[in-house]
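Student: Build me a model:
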Amino acid sequence: MLHRGEESTDGAGGGELTVPMAWLYAEYIADELLRSGDLMPPTSFEFRAGRDALALTVFLSDTDGELSGIQVVSQLENWLSLTAYDQPWQDWVGDRMAELATEAVAAGGPSPDLELARAAWRWLEETELLAPDLNSVPGGGPVIGEDEGPKVWTPAWQLGLPLGHLAIHLF
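Tutor: Numbering: from 1, shown residues only. Reported below is the predicted structural model:
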């Protein structure tokens, strides 16, 4: 399939479709980590939030653009630290996206990987999901049932990030 104005996968031009392999690979890794943890049904919005947050973490942490299957295991600790509760993940994502955008401009064109990452980030920021309000539990006690207790609309990334973090732990 040809698309005008796009470069081929090898960057040599020719009007061919550019395949965003780095993003697709990051999304695959995130999907596999979440599925192996069996935390949410794969058809749920929560699963999508976890997959997108984890895919962004995988994609943006690959500074060499060379993430291979073997390196996945060696990166797990890095991804755990990036997705930890006390880390400024949202700021890190913004900074890395800006760096990649600058690199894409310097390389002379748009990056299809970066465009997909931007779309995922936009969805994570703009979408809100109804979730238990953990801050409203009196005395920090446990909530008896999943459907019991107060709920609050929460940005998707705030649900997806801990889900991705937990999936890495369970892997």
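Student: what's the host helix or strand of residue 73 packed up against?
Tutor: According to DSSP states H and E, residue 73 maps onto helix 69-83. Secondary-structure packing of helix 69-83 (3 or more CB pairs under 8 Å, 6 or more residues apart in numbering; DSSP states H and E): helix 45-61, helix 89-107, helix 156-170. No exception for glycine: its C-beta is placed from N, CA and C like everyone else's.
Student: List the contacts of residue 76.
Tutor: Applying CB atoms under 8 Å, 6 or more residues apart in numbering, we find residue 76 in contact with 168, 171.
Student: Just the pLDDT at it, thanks.
Tutor: If you check residue 76, the pLDDT there is 86.
Student: picking that back up, okay, the helices and strands packed on helix 69-83, which one's buried deepest?
Tutor: helix 45-61 (a mean of 24; mean count of other CB atoms under 10 Å).
Student: which stretches of the protein have low pLDDT?
Tutor: Where the chain drops to pLDDT under 70, the residues are 1-17, 64-71, 134, 136-148.
Student: again, only this time at 50
Tutor: Low-confidence segments of the chain (pLDDT under 50): 1-12.
Student: rewinding a little: among the helices and strands packed on helix 69-83, which is nearest residue 74?
Tutor: Evaluated over the helices and strands packed on helix 69-83, closeness to residue 74 peaks at helix 45-61, with 11.5 Å, by CB to CB.
Student: what's that closest one packed up against?
Tutor: In terms of contacts (3+ CB pairs under 8 Å, 6+ apart), helix 45-61 is packed against helix 21-37, helix 69-83, helix 89-107, helix 112-126, strand 128-132, helix 156-170.
Student: switch the cut-off to 6 Å
Tutor: On a contact count with 3 or more CB pairs under 6 Å, 6 or more residues apart in numbering; DSSP states H and E, helix 45-61 meets helix 21-37, helix 69-83, helix 112-126, helix 156-170.
Student: okay, the ones you listed, which one's buried deepest?
Tutor: Mean neighbour counts for those (mean count of other CB under 10 Å) peak at helix 156-170, with a mean of 21.
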